[in-house]
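*Asks:* Sequence below, structure please.
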Amino acid sequence: MTDEDRLWYFDVSDGSVTRGKGASSLTRMGPYPDRDSAEHALKIAAERNKAADRADEDWNN
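*Replies:* Below is the predicted model of the structure:
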């Protein structure tokens with residue numbers, strides 16, 4: 001088993017969480033270190049986007 005096979009991914013097309021790169025790269029989010037993180041992929045992405053938006057605002061002002 002490679003390191004990639006040990007990581008977790010979230011498939012946005014159907015909401016499934018898999019270990020290893022099962023889903024298409026077009027619908028796959030990750031890798032995540034554990035199943036719980038992969039299950040919260042959309043929340044994590046939203047939080048990261050908000051942080052990036054705040055950084056952009058700070059940079060532009």
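*Asks:* For Ser16, see how far away Thr27 is.
*Replies:* As judged by Cβ to Cβ, to the nearest Å, Thr27 and Ser16 stand 10 Å apart. Every C-beta, even on glycine, is put in place using the N, C-alpha and C of the backbone.
*Asks:* now for the lengthiest helix in the chain, which elements pack on it?
*Replies:* Among all segments of the chain classified by DSSP state H, the helix with the greatest residue count is helix 41-60. Judged by 3 or more Cβ pairs under 8 Å, 6 or more residues apart in numbering; DSSP states H and E, the packing partners of helix 41-60 are strand 28-32.
*Asks:* which residues sit against the strand it packs on?
*Replies:* Residues outside strand 28-32 that contact it (Cβ atoms under 8 Å, 6 or more residues apart in numbering): 4, 7-12, 21-22, 38, 41-42, 44-45.
*Asks:* Please identify the helix or strand for Lys21.
*Replies:* Following DSSP states H and E, one finds Lys21 outside all helices and strands.
*Asks:* Tell me the spacing between it and Arg28.
*Replies:* Here Lys21 is placed at a distance of 7 Å from Arg28 (Cβ to Cβ).
*Asks:* ditto for Asp53
*Replies:* For Asp53 relative to Arg28 (Cβ to Cβ), the value is 24 Å.
*Asks:* Next: Ser37.
*Replies:* Computed as Cβ to Cβ, the Ser37 to Arg28 distance reads 14 Å.
*Asks:* ok, Asp53 and Arg28, which is more surrounded?
*Replies:* In terms of neighbours (other Cβ atoms under 10 Å), Arg28 is the more surrounded of Asp53 and Arg28; the figures are 17 against 10.
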